[in-house]
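*Asks:* Following is a predicted model, sequence given first.
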Amino acid sequence: MSELSYISLRGNRAYNTVVRPDFELYFEASKNIYSAEENPHGTFPLNVADNNLNWPILRERMQYIAATLEIPDWVSGYTSGLGHETFRVALADFLGNFLADRPIAPENIGVAAGATAVIELSAIILADKGDVAVFPAPAYPVYSRDIMNKAGVQRYDLITHHDSDAIHHGPILSIEHLEKAKQDIERQGSNFRLLVVTNPDNPTGGLYTALQLESIAEWCMERKIHFIVNEIYGFVTVNTKDPAIADDYSDHRTFTSFLSIIHKKNSPYLHQWYALSKDLGISGMRVGMVYSLNQAFLTAFNNLNLPHMVSNHTQWLLQNILGDHEFIQDFLNAQRHALTKGYIVVVDMLKKLNIPFVPSYGSLFVWADFSRFLETETLAAEMAFWQELYKNTGVLLTPGIGFGHTKKGMFRIVYTCFDDEELQVAMKRIQYYLTGLPKHKKIATQ
């Protein structure tokens, strides 16, 4: 008998559904990480959104707290499915002071084990099986798995452009785009139930303006469509006024949190997703949250969240981190400085190689156009180039597959996994490989 006969149909679907097409190479590369002294021929996995820039600073603080503070009794027991009260108070205070610039109510927060759990639960609660969630393309590939695996919600990639120069100044999602998507979805007999944007954007690093967000919110509210803004990269923004990159931007817009708009509109159709994974660089600690004024949604979240609750010890540790606003401010300042340095290393090399890219305002990525190195503008050619680049340089980028974009040859470069000196080595390897290709040669498909 086949080994698959021992599991359910759902189990078979899970068995055959790869989370990400680049994970196998990522785990291979992660076993051979570059080190200038210990492993100079090692690899550079720049495909997974890890933020390692200031982990030593945070680790030292965590070790100090663990060594000097007494663990409270509540850590060993059961707590609310929305998260322990004291942690949600600390989280609300942190978000209100640093992200939203206004008071945030802890009773409107639901906490779960990472952004993935929050997204999955939101899809289950806000939409029915077969409903459609719309994502302006390109968008994070694993959203598809998060909304489909259990909730059965379908993903719709809303195409707003083909060439990346169209979004050189930021996202161009308009009401006209939304109307066309709604008509298309309804023609197919489906229901446009959710609209999700990531701000700052993954993978482009673009920022939505407050006017864009308000206009989209009003359109969604009128049509009873749930509008969710994922602000998981809210604190990882680039200093666009740095002289090395200032001329790349037509305006130096700053991040505007959706939290203020949620309160301004006071609608049950507006929600924010957030997590500490990227901003603090602690993906492995699994802390995500949703903010909503929709109390029915939060009650349902509480009732469904038992399998996804965050460890009480993690909540206690992090409430002490977040509650120290002086430490947090210093940490965020240091992180922005390191983030900007790494970003400059990557885009400087892209400019030397004449590789188009989208100037990033935030997130952990550069969205770059390597299409001229493809034999044909096909997925097979894109994957062939991706594999050959890794094989010849040891540098692993995120391929464009799954982002829902129409143009082939677009790749995401994560620049927060290594410091700027190490990044320079990775980018020089790419330079050496690409400039060494015969001018008439492109990467052939396998």
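*Replies:* Arrived safely.
*Asks:* Am I right that L213 is in contact with I228?
*Replies:* No - contact criterion C-beta atoms under 8 Å: L213 and I228 do not qualify, at 11.5 Å. All C-beta atoms are positioned from the backbone trio N, CA, C, and that covers glycine.
*Asks:* Pull out the buried residues from stretch 197-209.
*Replies:* For stretch 197-209, a neighbour-count test (16 or more other C-beta atoms under 10 Å) marks V197, T198, N199, P200, D201, N202, P203, T204, G205, G206, L207, Y208 as buried.
*Asks:* same thing with stretch 80-92?
*Replies:* The neighbour-count check on stretch 80-92 (16+ other C-beta under 10 Å) flags G81, L82, G83, H84, T86, F87, R88, V89, A90, L91, A92 as buried.
*Asks:* of all those, which two lie farthest apart?
*Replies:* Farthest apart among the buried residues of stretch 80-92 by C-beta to C-beta are G81 and A90. That separation is 17.9 Å.
*Asks:* helix/strand/coil for the residue nearest to N12 when sequence neighbours are not counted?
*Replies:* Take N12 and drop its neighbours on the chain: the residue closest to it by C-beta to C-beta, 6 or more residues apart in numbering is L4, 5.3 Å away. Secondary structure, DSSP: H, G, I helix; E, B strand; the rest coil: L4 is helix.
*Asks:* Tell me who's in contact with L4.
*Replies:* G11, N12, Y15 (C-beta atoms under 8 Å, 6 or more residues apart in numbering).
*Asks:* Top of those by number of neighbours, please.
*Replies:* Neighbour tally across the contacts of L4 (other C-beta atoms under 10 Å): the maximum, 13 neighbours, falls on N12.
*Asks:* Return the distance of that residue relative to G130.
*Replies:* Note on N12: its distance to G130, by C-beta to C-beta, to the nearest Å, is 20 Å.
*Asks:* Ok, V290 next?
*Replies:* The gap separating V290 from G130 is 23 Å, by C-beta to C-beta.
*Asks:* and N333, how many neighbours?
*Replies:* Residues near N333, counting by other C-beta under 10 Å: 10.
*Asks:* Work out for me the element it sits within.
*Replies:* helix 325-352 (DSSP states H and E).
*Asks:* mind showing which ranges of the stretch 301-446 of the chain have poor pLDDT?
*Replies:* Within the stretch 301-446 of the chain, the segments meeting pLDDT under 70 span 439-446.
*Asks:* what about the helices in it?
*Replies:* Along the stretch 301-446 of the chain, the segments classed as helices by DSSP state H, counting those that start in this stretch run 312-322, 325-352, 379-393, 420-436.
*Asks:* Please identify which helix or strand holds P171.
*Replies:* Here P171, judged by DSSP H and E, is contained in no helix and no strand.
*Asks:* could you measure the residue lying closest to it once chain neighbours are set aside against V358, distance?
*Replies:* Spatially, and ignoring its direct neighbours in sequence, P171 is nearest to G206 (4.6 Å; C-beta to C-beta, 6+ apart). Distance, G206 to V358, using C-beta to C-beta: 7 Å.
*Asks:* got any residues that touch both of the two?
*Replies:* I167.
*Asks:* if I pick the residue most central in space within the chain, what's in contact with it?
*Replies:* Centroid-nearest residue in the chain, with C-alpha atoms, centre = their mean: N202, separated by 5.2 Å. By C-beta under 8 Å, 6+ apart, the contact list for N202 reads A49, A139, Y140, I232, Y233, S363, F365.
*Asks:* That one in helix, strand or coil?
*Replies:* Look at N202: counting by three-state DSSP, its state is coil.
*Asks:* quick one on the thing from earlier: if you count surrounding residues, which of V290 and G130 has more?
*Replies:* Legend: neighbour count by other C-beta under 10 Å for V290 and G130, higher for V290 (28 against 12).
*Asks:* If you count contacts, what does the helix or strand where that one lies end up packed against?
*Replies:* Taking DSSP H and E as the criterion, V290 maps to strand 288-292. Identification of packing neighbours for strand 288-292 by 3 or more C-beta pairs under 8 Å, 6 or more residues apart in numbering; DSSP states H and E yields strand 109-112, helix 115-126, helix 258-265, strand 270-275.
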